[in-house]
Each structure stands twice: as C-alpha cells, then as structure tokens.
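**Q** Return atomic coordinates for the entry below.
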Amino acid sequence: MNALFPLFAVLIWSLNAVVSKASASAIDPAAISFYRWLLALVTLTPFVLPGLLRNLQAVKQYWWKLLILGLLGMVLYQSLAYYAAHSVSALFMGILNSLIPLLTVLIGLVVLRIVPTVGVALGSIISLGGLLWLVSAGDPSQLLQHGIGKGELMMFAASASYALYGVLTKRWAIPLPNWQSLYVQIIFGVLLLLPNFLLASDVSLNAHNIPLVLFAGIPASIIAPFLWIQGVIRLGANKASIFMNLSPIFTAVIAVLFLHEQLHSYHLIGGGITLAGVILAQRLRKPLYSRKPPAAQKDLG
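**A** Numbers count the residues shown, from 1 in each chain. The predicted model follows:
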C-alpha cells in the first residue's frame, strides 16, 4: 500500500504534462502559470498560514533562499514547460521530465560536491545519446543542419531548473516544515509571475480552460506533492525516486489516448535509451574515484 503514494503522485504529474500541452491552445502560458499558483496559494492559506505566522523569524532569515526556490520551482520550471508546449509534444515533455533525477545528481556533483558514481558517468552518456536521438526524430545529422528547436531548449531548461531546485532544497535545509516552506515559495512565485501576467494580451477564463487551471492548481500543485512526501516518508527517498521512471510511460499512454499524439519509433528508441541511462545512474552506485589523497612518496634521498 505504501507504494501507492509515489505511484499516484507520478500519475498526477504525468497527467499534468498532458494538461500543459492541452493548455497551449486554450490559455496564455502567463495566465495559467499565474492562476495555477494563485489557486494553490488560496487553497493552502487556511491550513498553512496559522502555523507559518509562528515561524516568521525563520522566514525573515531565509527569505532570499525561499525567493530563489520559488523562482526555480514555481516560476521557471512550469512556466517554461507551458511555453515549450506550443512547439513540443506531451510525449517529449514526459521524457524530458524523466531526466530530472539524473540532472539532479549531475548538478549535485557541483553544488553538493558529491563524488560521482560509475552509474552517473555511464548513465549521463547513454541518456545524452537517447536525448539526441529523440530531439532529432531519429536522424542526429539533422541537428547539425537545423540545431535544436526553441521548445526543446525551453523544456530542457525547465527540467534543469527543477533539478537545481531539488539540489538547493537539500543543501540549504531551511528550518521550516515542508508545507510552510512550500507556501512561502508559492507566495514569491505568484509575485514573480504577476508582471508577465499583467502584460499578457488575454488572461480570460472560460469553460474550456478552467478545468486545466483547476487540475494544475490543486491535484498537480498540492495533492501530488502531498502524496510524494508521504511516499518518501514511508519508503525512503531512494525507493520513491524509482517511481519517477514511470513518468514517461504514463505520459505516453495518456497523450496517445487523450491528445491522439502519434507514438513514433524514435520516441520508443530515444525515450528508452534515455530512461535506461537514468535507471543505470540510479542503480550503479560504485564511486568513480576515491577522494583519498595518494600516499606520500618516501624520501629516496
């Protein structure tokens, strides 16, 4: 039963990738980004604000770190995905999201000064090969002629932003309960998203896009994080992270069924190779090298 918590969290996030794609034709990216986090903020306020008021000293001390986390996790990650959805498929978005665990490890090597493992080294190379196959639609030579598209770059930047978010969350270890920390990050996220929202040409809500905003604001922003946190508590971070590998599979099935996207061979090959690299990085934990300094040479004189 404990496995159901991370399983349903990943399922909701996979559905959200499809919602992000569906929103491309229904609402301005600036509008859904703002409405999503505003709705999450309003929903969480009665449950989180009373406790947060008792921890205002910690908020005052760590506000700039919470601001950066809000920028990475609430603004850049999802906003870039909404803009990328105008030119890339939900299938591609799901596969790129599956790279987040590997990108988290790679960024952690620098920020947290973690010794790389053999799995990370090999997995990075393998995943890069799969990603190139995917982006080029099975013809890597096309990348030399046309380069990588703007949507693909934005989606990669979105995944990298969330990976950095995870690394900084671990490094800073802000002394606030999880939900209070998330709540303050959402406040900063809403404030940072407001200027772009005010500049958008059309931020109207209608019967077609309201369900998308509701799903993004409640299940994807509140319910899924709750389920994921419970899964980590019950299973541990390492076991829970394995369920993230199901994300591209869930996203592919949902995108084909509901968006009628075409599943091509390069999706299967590129996505499969990319996912294999991520799994290898998770499973093969032998250190690539030892940090112990070499033994001092004896004085021969």
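
**Q** So which other helices or strands are in contact with the helix or strand harbouring residue 211?
**A** Residue 211 is part of helix 210-217, with elements assigned from DSSP states H and E. Applying 3 or more Cβ pairs under 8 Å, 6 or more residues apart in numbering; DSSP states H and E, one finds that helix 210-217 contacts helix 4-23, helix 29-53. C-beta here means a position set from N, CA and C on the backbone, and glycine is covered the same way.

**Q** can you give me the angle it makes with helix 4-23?
**A** Put simply, helix 210-217 runs at 140 degrees to helix 4-23, going by axes from the mean of the first three to the mean of the last three Cα atoms, to 10 degrees.

**Q** Can you give the contact residues for helix 210-217?
**A** Helix 210-217 has contacts (Cβ atoms under 8 Å, 6 or more residues apart in numbering) with 15-16, 19-20, 22-23, 26-27, 32, 35-40, 43, 78, 205.

**Q** in this structure, which segments are predicted with low confidence?
**A** Across the chain, the ranges flagged by pLDDT under 70 are 143-146, 290-301.

**Q** And stretch 229-240, end to end?
**A** With Cα to Cα, to the nearest Å applied, stretch 229-240 spans 9 Å between its terminal residues.

**Q** what's the closest non-adjacent residue to residue 66?
**A** Nearest residue to residue 66 in three dimensions, chain neighbours excluded: residue 184, at 4.7 Å (Cβ to Cβ, 6 or more residues apart in numbering).

**Q** which residues sit against the host helix or strand of the one you found?
**A** If you go by DSSP H and E, residue 184 is part of helix 178-199. Contact with helix 178-199 is made by 30-31, 33-34, 37-38, 40-41, 44-45, 47-49, 51-52, 55, 59, 63, 66-67, 69-71, 73-75, 79, 174, 176, 203, 221, 225, 229, as judged by Cβ under 8 Å, 6+ apart.

**Q** Can I get the host helix or strand of residue 247 as PDB, trimmed to CA atoms?
**A** Counting by DSSP H and E, the element that carries residue 247 is helix 247-254. Coordinates of each C-alpha in helix 247-254 appear next as PDB, following Å, rounded to 0.1, in the frame of the first residue of the first chain:
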ATOM      1  CA  SER A 247       6.500   9.200 -15.700                       C
ATOM      2  CA  PRO A 248       7.300   8.900 -19.500                       C
ATOM      3  CA  ILE A 249       5.400   5.700 -19.800                       C
ATOM      4  CA  PHE A 250       2.300   7.200 -18.100                       C
ATOM      5  CA  THR A 251       2.600  10.400 -20.100                       C
ATOM      6  CA  ALA A 252       2.900   8.500 -23.400                       C
ATOM      7  CA  VAL A 253      -0.200   6.400 -22.800                       C
ATOM      8  CA  ILE A 254      -2.300   9.400 -21.700                       C
END
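
**Q** for that helix, the distance to its chain's centre please.
**A** Between the centre of helix 247-254 and the centre of its chain there are 15 Å (Cα atoms, centre = their mean, to the nearest Å).

**Q** just checking, next helix/strand downstream of it?
**A** Counting by DSSP H and E, the next helix or strand C-terminal to helix 247-254 is helix 265-283.

**Q** buried stuff in that following helix?
**A** By 16 or more other Cβ atoms under 10 Å, the buried positions in helix 265-283 come out as 267, 270-271, 273-282.

**Q** Neighbours of the closest residue to residue 272 other than its chain neighbours, how many?
**A** Of all residues not flanking residue 272 in the chain, residue 130 sits nearest, at 7.0 Å (Cβ to Cβ, 6+ apart). Per other Cβ atoms under 10 Å, the neighbour tally for residue 130 reads 22.

**Q** Residue 130: which element?
**A** In this structure, residue 130 sits in helix 118-135 according to DSSP H and E.

**Q** what about residue 186, neighbour count?
**A** 24.

**Q** if I look at the closest residue in space to it that isn't next to it in sequence, how far off is residue 170?
**A** Distances taken as Cβ to Cβ, 6+ apart put residue 41 closest to residue 186, at 5.0 Å, once the chain neighbours are dropped. Going from residue 41 to residue 170 by Cβ to Cβ, to the nearest Å gives 24 Å.

**Q** more neighbours, those two?
**A** With neighbours defined as other Cβ under 10 Å, residue 41 and residue 170 compare such that residue 41 has more, 19 against 13.
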